[in-house]
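[1] Structure, please.
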Amino acid sequence: MNIIKTVAAVAAVGILSLGAFVVGRQEAKVVKETVVGSVTNPDLSSPYFSFGGVRRWAANVPLTQNASTTCNIQSPAATSTLVAAAVRFSLASTSAEIVEIGRSTGGYATSTLIGSAYRIDAGAQASIIASTSPAAGDALLFSPNTYFVVKMGGSTGNVPTGACHAVFEEI
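    Below you'll find the predicted structure:
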């Protein structure tokens, strides 16, 4: 009789377990996840940023010393407009300098000036912002892979310190 009670108890436990398994089983729900990504800080390592179908490129480079071309930044591989550009001289030179800002097909000459030439006195600090006004006209339109150029003339051995930057928008 004990054996019958034991077998009946084991059978009852088995039936209850199987019933709980079948009743407790539900269909798995598929959840579609969209990964949007994020950045951990405000600094982007890419030289361009796209939003709303518009792509902007930017670069910031230190000034080159002992050269007439102190800064050159290549435009994107697409026709673009110069949105903003500037050069900052922490120390221009030990003698007065004439600075030209322009566009060039090569990286070491200014074939089209943006604005006029600027004079910086010996040992002076200066910041020059390239004009993006309508008066600058076609000078702001850059063919693919052309250059924004900053040149210094007036002395040999100029040793400027500082940086220049340019922002382009693809057309």
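[2] Chain neighbours aside, what residue packs nearest to the most centrally placed residue in the chain?
    Centroid-nearest residue in the chain: Pro47, 3.2 Å away (criterion: C-alpha atoms, centre = their mean). In space, not counting the residues next to it along the chain, Pro47 is nearest to Trp57; the distance is 5.7 Å by C-beta to C-beta, 6 or more residues apart in numbering. In this view, the C-beta of every residue, glycine as well, is placed from N, C-alpha and C.
[3] Quick check: that neighbour vs Phe148, distance?
    Going from Trp57 to Phe148 by C-beta to C-beta, to the nearest Å gives 11 Å.
[4] who's more crowded, those two?
    Between Trp57 and Phe148, counting by other C-beta atoms under 10 Å, Phe148 is the more crowded of the two (28 against 21).
[5] How about the contacts made by Ala126?
    Arg88, Phe89, Ala92, Val99, Tyr118, Ile120 (C-beta atoms under 8 Å, 6 or more residues apart in numbering).
[6] doesn't Glu97 make contact with Gly123?
    No - counting by C-beta atoms under 8 Å, Gly123 stays clear of Glu97, with 10.5 Å between them.
[7] Show me which of the two is the more surrounded one.
    The neighbour count for Gly123 versus Glu97, taken as other C-beta under 10 Å, is higher for Glu97 (23 against 11).
[8] Tell me where the longest strand sits in this structure.
    Assignment by DSSP state E gives strand 80-91 as the longest strand of the chain.
[9] Quick one: end-to-end distance for stretch 128-141.
    Taking C-alpha to C-alpha, to the nearest Å, the span from the opening residue of stretch 128-141 to its closing residue is 19 Å.
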